[in-house]
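Trainee: Here is the input, now give the coordinates:
(chains A and B)
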Protein chains: 2
Amino acid sequence: MTGFINYRKVLIVGLGLMGGSYAEKLSSLGFEVGALARRPETLDYALRKGIIAHGRTDVTREYVSQFDLVVFALYPHTFVDWIGRYQDFLKEGAVLTDVTGVKRAVVPAVQGMLRPDLEFVPAHPMAGREVYGVENSDCRIFTDANFIITPTERNTPEGIELIRTLGCILGFRHIAVISPEEHDEMIGFLSQLTHCIAVTLMTCKDTEHLAEYTGDSFRDLTRIARINEDMWTELFLENRDELLSQMDLFLEKFRTLRDDLAAGDTEAMKEMMRLSTRRRAAFEK
Amino acid sequence: MTGFINYRKVLIVGLGLMGGSYAEKLSSLGFEVGALARRPETLDYALRKGIIAHGRTDVTREYVSQFDLVVFALYPHTFVDWIGRYQDFLKEGAVLTDVTGVKRAVVPAVQGMLRPDLEFVPAHPMAGREVYGVENSDCRIFTDANFIITPTERNTPEGIELIRTLGCILGFRHIAVISPEEHDEMIGFLSQLTHCIAVTLMTCKDTEHLAEYTGDSFRDLTRIARINEDMWTELFLENRDELLSQMDLFLEKFRTLRDDLAAGDTEAMKEMMRLSTRRRAAFEK
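Mentor: Numbers count the residues shown, from 1 in each chain, chains lettered A, B, ... in the order given. Just a heads-up that it's a prediction; the model follows:
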């Protein structure tokens, strides 16, 4: 079976913010979207809103085996566990993808145990929000975001092309294909390190008496300090070595700036600020 | 002379982004606004745009002595130098204020040498932007910002009230009165530390190949990494001890998070994230 149009029945496993947003968009495009969720209320809400066509809280062969494309929108370890327990229920030749924010801890584990007739094409939609749950689903979060596909040598060109098409119809602005290793380094720096900084800023000092003076700078740097502690702790741990080296890189440079300031080395400080200004200019949208 | 309405003639010393924005707003309210600027082009631009009524590039007694209220929008050391050289030109009983982003390095120096008939009421309009110069003047930057007055025992209730009224008519959302010491601690943490972090993030790694993957988090944390290196280096140095202790506070906490991650101490990480989330909620606008 080739061609995206043949993957008409899509199963979303895990109906949170991301799973719900995938479901919303795919339903609106005419796909038949089913879902597995832990809580009946989640399914009730999604059915009422027309986000899914049907759903289950229990995992049965009868239900799962009807789907051509399966999207895993779970925490990393839950995803790996699910494959170990239920992959036998999946339809022959089904294609699997995910939304997991770390890749080295997930991709080899899943691909290594997968039935040979199945293909798992890993992806990371970089479109998180500070809110969670299906109630906050909104497929507009994809519009200005990046969709990263992280295939390995176990993937086929057809499988990668299928998931590229998925990213495209979901509405992502930019689709990239990189290795799981490149992904984890990138995400360690751009996303996990920034969350570590925001959390540190928000906790290193009692800021209550400062709230009324807070300007845009502090607000910008701490927006992501409202954080789902279960999800982010797991993401950090699943990318521990990479995140630690990004944190150490940051620590070293921050300490250099601190020492330059202590020594009154204005030329070193200005040089750092000039580099910062030049580099940031390249990031303007 | 009492009552804001009697301070009809206002001199802006230094016509950059902030001086120009003060001038624009005060002119629009009917004040007669004059200016001292280094470059004739700056005055030409401001005259053409109706931001000022008149201006000079040279400092003369004849020009300076006509003003009731004088706003210093200079770098810290330039401001202190100006007072030392030209305060004799100022009109008897004139009130002085400033926009300087550090206070302990400026307020005692200026108040300590000031003629007894003059009053300097220090203020800090927390409304910076990543752009500079009179061409970017825009009094709308005040609308959602804080105006901090940092008086000492040398100030009079009338002087403080006058500058409070100034902040009010400029359009600031919130006006606060705190000591120069409280100000410098607050600004060291909320503004200077955040700029140090942004500059560090932007320089600790070659980010060129990451630009296309950059999501909102990294963009938010580095917006202020485009920075005027002369101004910020001076602001950092003029608040060195306070900024160093804020940086050390941040370093210590960041290192704790790093070590918790290295040790796999999930409970400590989650506790930090829960505190972060609770505290950040109080900062929502």
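Trainee: ok, A:Glu185 - contacts?
Mentor: Neighbour list for A:Glu185: A:Glu242, A:Gln246 [criterion: CB atoms under 8 Å, 6 or more residues apart in numbering or on different chains]. In this view, the C-beta of every residue, glycine as well, is placed from N, C-alpha and C.
Trainee: pLDDT weak spots in chain A?
Mentor: Flagging of chain A using pLDDT under 70 yields the residue ranges A:1-3, A:285.
Trainee: What are the boundaries of the strands in it?
Mentor: Across chain A, reading from the start of the chain, the strands by DSSP state E fall at A:9-13, A:32-36, A:54-56, A:69-72, A:95-98, A:119-121, A:123-126, A:146-149, A:174-177.
Trainee: closest to B:Asp220 out of these?
Mentor: For B:Asp220, the closest of the strands of chain A is strand A:123-126, at 13.9 Å, according to CB to CB.
Trainee: residues making contact with that closest one?
Mentor: If you take CB under 8 Å, 6+ apart as the criterion, strand A:123-126 is touched by A:18, A:97-101, A:103, A:142, A:145-150, A:163, A:166-167, A:170, A:172, A:183, A:187, A:191, B:213, B:215.
Trainee: what's near enough to touch the one residue sitting closest to the centre of chain A?
Mentor: Within chain A, one residue has its C-alpha closest to the average C-alpha position: by CA atoms, centre = their mean, that is A:Gly101, at 3.8 Å. Taking CB under 8 Å, 6+ apart as the criterion, A:Gly101 is in contact with A:Pro76, A:His124, A:Gly128, A:Ile187, A:Ser191, A:Leu235.
Trainee: Look up how far chain B lies from A:Leu170.
Mentor: Distance of A:Leu170 to chain B, given as CB to the nearest CB, to the nearest Å: 16 Å.
Trainee: Surely that residue is in contact with A:Glu24?
Mentor: No - at 10.0 Å, A:Leu170 does not count as touching A:Glu24 under the criterion of CB atoms under 8 Å.
Trainee: which residues do these two both contact?
Mentor: A:Cys139.
Trainee: quick one, domains of chain A?
Mentor: Following automatic domain parsing, one finds the domains of chain A at A:4-178, A:183-281.
Trainee: mind giving me JSON lines with the ones you listed and columns for distance to B:Leu221?
Mentor: Conversion of the domains of chain A to JSON lines gives the following (distance: least, CB to CB, whole Å):
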{"stretch": "domain A:4-178", "distance to B:Leu221": "14"}
{"stretch": "domain A:183-281", "distance to B:Leu221": "5"}
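Trainee: and of the ones you listed, who's closest to B:Asp44?
Mentor: Closest to B:Asp44 of the domains of chain A is domain A:183-281 (CB to CB; 27.5 Å).
Trainee: returning to what we had before: please tabulate the contacts of A:Gly101 in JSON lines, including the columns neighbour count.
Mentor: Formatted as JSON lines, the contacts of A:Gly101 follow (neighbours: other CB atoms under 10 Å in any protein chain shown):
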{"residue": "A:Pro76", "neighbour count": "23"}
{"residue": "A:His124", "neighbour count": "25"}
{"residue": "A:Gly128", "neighbour count": "22"}
{"residue": "A:Ile187", "neighbour count": "25"}
{"residue": "A:Ser191", "neighbour count": "25"}
{"residue": "A:Leu235", "neighbour count": "22"}
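Trainee: ok, so of those, who is nearest B:Phe67?
Mentor: Taking CB to CB as the measure, A:Ser191 is the one of those closest to B:Phe67, at 52.3 Å.
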